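**Q** Coordinates only, no sequence provided:
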């Protein structure tokens, strides 16, 4: 689904300044960069600010295709998004004939076992209390079951690819739909590791068991030697978002069947792991909102008209842009760095984990005549980050968002003679833990230190000892909602650092 938002562009020429040092406040940094690009380090670097830019078009892409979940899965609601869980089970009757006993047993039962994602619920860097959770969870359980008598039936199911299965899920119609309610009580101790008496660590029992209704038991009785079961859970009324392990884990989801006849002291048990699992995500946001959600496949594509940028370059250099001679490539200068700064407003947005979130930019560039999207490399400004944190974050102190679109600007200038526009895409990435750490990657602490981060205007301190691993970002998404509407109604500023190839200062 695509949403379009069209605006007009206007221009104000910003101030011009020479820059003897680039971004990292040392001449060696600029010299090394120029050398890496194959440019003489004698080239001078100039800056150009182009103010008053608004996009000519904005498209929001919400891909409703279900997401295959191998390691973790979510159930519930967050940020105007509902997250359902789909299961696929392939069953083959074995020689012990469990199905025969299941059909004839006096007492039968079935439940889906899901294990809470303990690595998330035990995370100490999150400044909000995620537990305890106590609610009567109203669950919508739906399923369809097909069966066959020969091996060909099962082989045809194994041949279905992941992509084909998720496509089928988009139009899936269940045979049976049942609403049921479960009493959920989760304490912090339910996800914390416990100690055995011999000193060995034992993980806590963080399972949640969803007992299947009687209608499901009746359905499973009809299964023959080979069975194909599709099932879906949705929890439309909960305000929680439950995070579980999926398949590739020793704590994977399971379908558990049990049967007991009169006189037996124990249940016959059968446990089956899913062949596949997926999250089915549904957006409940308005159709024309410029909103991105975290943790899903939302993206937003911006286009900026060429004219204001080219006019600013023409005025700056005193000659025509774009370059229209020869092969059309404009090689009169190299774009060292390009930053686009927006006026930010977080008031209509929502974060659940209380941490700032990266906004990641990717530019559309030409590749042998075809459009290709590449993620922009990020060059940290160490001095600025130490003082005020990374500029490319939302849900953070400050009122601006700055994205680096350097590769996009280089390609745009070189291709402008062919009518190219500046086009790039943004996504919400992981929450940031070390907002004042310019390394931008996980590293080992060299000395005892106290890290400070700003969460909703409050300063939170995190003590780190020498040898500790300093995690720069949280390894779990915040299923947040960010509204770009007001940001797009305000003009942005594009700042360019240009290493000129024109020669002397008088040119």
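**A** Perfect, thanks for sending it. Quick caveat: nothing in here was measured; it's all calculated off a predicted structure. Numbers count the residues shown, from 1 in each chain.
**Q** I'd guess residue 169 is in a strand, am I close?
**A** No. Secondary structure of residue 169 (DSSP: H, G, I helix; E, B strand; the rest coil): helix, not part of a strand.
**Q** Would you mind confirming that it makes contact with residue 86?
**A** Yes. Counting by Cβ atoms under 8 Å, residue 169 touches residue 86, with 5.6 Å between them. For every residue, glycine as well, the C-beta is placed using N, CA and C.
**Q** if I pick the residue nearest the centre of the chain, what's in contact with it?
**A** Central residue of the chain (Cα atoms, centre = their mean): residue 295, 3.4 Å from the mean position. By Cβ atoms under 8 Å, 6 or more residues apart in numbering, residue 295 lies in contact with 74, 428, 477, 478, 479, 480.
**Q** do you know how far the residue lying closest to residue 472 once chain neighbours are set aside is from residue 403?
**A** Residue nearest to residue 472 in three dimensions, not counting chain neighbours: residue 434, with 4.7 Å by Cβ to Cβ, 6 or more residues apart in numbering. Counting by Cβ to Cβ, to the nearest Å, the gap from residue 434 to residue 403 is 20 Å.
**Q** any chance you could map the helices in the stretch 301-450 of the chain?
**A** Here the stretch 301-450 of the chain has its helices, by DSSP state H, counting those that start in this stretch, at 306-317, 382-388, 406-415.
**Q** Mind checking the ones you listed for the one nearest to residue 394?
**A** Proximity to residue 394 (Cβ to Cβ) singles out helix 382-388 among the helices of the stretch 301-450 of the chain, at 14.6 Å.
**Q** pLDDT of the closest one, averaged?
**A** The average of the pLDDT scores along helix 382-388 is 83.
**Q** just stretch 105-118 next, same as before
**A** Taken as a whole, stretch 105-118 carries a mean pLDDT of 93.
**Q** Tell me which helix or strand comes right after the longest strand along the chain.
**A** In the chain, assigned by DSSP state E, the strand with the most residues is strand 133-148. Toward the C-terminus, strand 133-148 is succeeded by helix 151-158 as the next helix or strand (DSSP states H and E).
**Q** relative orientation of that following helix and strand 133-148 in degrees?
**A** Counting by axes from the mean of the first three to the mean of the last three Cα atoms, to 10 degrees, helix 151-158 lies at 140 degrees to strand 133-148.
**Q** what's the distance between helix 151-158 and the middle of its chain?
**A** 35 Å (Cα atoms, centre = their mean, to the nearest Å).
**Q** can you list contacts of that helix?
**A** For helix 151-158, contacts defined as Cβ under 8 Å, 6+ apart pick out 90, 92, 147, 148, 226, 228.
**Q** Contact partners for residue 77?
**A** 83, 235, 236, 238, 239, 240, 241.
**Q** Specify the local secondary structure of it.
**A** strand.
**Q** Surely residue 208 is in a strand?
**A** Yes. Counting by three-state DSSP, residue 208 is located in a strand.
**Q** Could you list everything it pairs with in the sheet?
**A** On the basis of DSSP bridges, residue 208 is bridged to residue 114.
**Q** if we can go back for a sec, mind listing what's buried along the longest strand of the chain?
**A** Within strand 133-148, the residues scored as buried using 16 or more other Cβ atoms under 10 Å are 133, 135, 137, 139, 140, 141, 142, 143, 145, 147, 148.
**Q** now the residues you listed as CSV including pLDDT and distance to residue 497?
**A** What follows is the buried residues of strand 133-148, written out as CSV (pLDDT from 0 to 100; distance: Cβ to Cβ, whole Å):
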residue, pLDDT, distance to residue 497
133, 94, 49
135, 95, 53
137, 96, 54
139, 96, 55
140, 97, 55
141, 97, 57
142, 97, 56
143, 97, 59
145, 94, 63
147, 89, 66
148, 87, 66
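**Q** so which of those comes closest to residue 499?
**A** residue 133 (55.3 Å).
**Q** That closest one - nearest residue in space that isn't next to it in sequence?
**A** Nearest residue to residue 133, sequence neighbours excluded (Cβ to Cβ, 6+ apart): residue 186, at 4.5 Å.
**Q** Now the one you found. Its backbone dihedrals?
**A** Phi and psi for residue 186, reported as degrees, to the nearest 10, are phi -120, psi 120.
**Q** Just list the residues touching it, thanks.
**A** Taking Cβ under 8 Å, 6+ apart, we find residue 186 in contact with 116, 131, 132, 133, 134, 206, 208.
**Q** Residue 421 contacts residue 56, correct?
**A** Yes. Judged on Cβ under 8 Å, residue 421 makes contact with residue 56 at a distance of 7.4 Å.
**Q** Mutual contacts of the two, please.
**A** Counting by Cβ under 8 Å, 6+ apart, the residues touching both residue 421 and residue 56 are 303, 304, 305.
**Q** So which of the residues you listed belong to strands?
**A** The members of these that map onto strands under DSSP E are 303, 304.
**Q** Domain ranges for this protein, per the record?
**A** In the domain annotation for the chain, the residue ranges read 2-62+298-432+479-500, 67-283 (automatic domain parsing).
**Q** In JSON lines, list these along with distance to residue 289.
**A** Putting these into JSON lines (distance: least, Cβ to Cβ, whole Å) gives the following:
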{"stretch": "domain 2-62+298-432+479-500", "distance to residue 289": "7"}
{"stretch": "domain 67-283", "distance to residue 289": "9"}
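**Q** winner for burial among these?
**A** Ranked by mean neighbour count, the domains of the chain are led by domain 2-62+298-432+479-500 with a mean of 17 (mean count of other Cβ atoms under 10 Å).
**Q** three-state assignment of the residue of the chain positioned farthest from its centre?
**A** Within the chain, residue 263 marks the point farthest from the mean C-alpha position, 53.5 Å out by Cα atoms, centre = their mean. For residue 263, the assignment made with three-state DSSP gives coil.
**Q** Please list all residues in contact with residue 63.
**A** Residue 63 makes contact with 296, 297, 298, according to Cβ under 8 Å, 6+ apart.
**Q** Strands of the stretch 401-507 of the chain, start to end?
**A** With strands called from DSSP state E, counting those that start in this stretch, the stretch 401-507 of the chain shows them at 422-431, 443-444, 449-455, 458-464, 469-470, 481-483, 492-500.
**Q** pLDDT averaged over the second one - what is it?
**A** pLDDT averaged over strand 443-444 equals 63, rounded to a whole number.
**Q** What of the fourth one?
**A** The average pLDDT within strand 458-464 is 63.
**Q** Same check on the first one?
**A** pLDDT averaged over strand 422-431 equals 94, rounded to a whole number.
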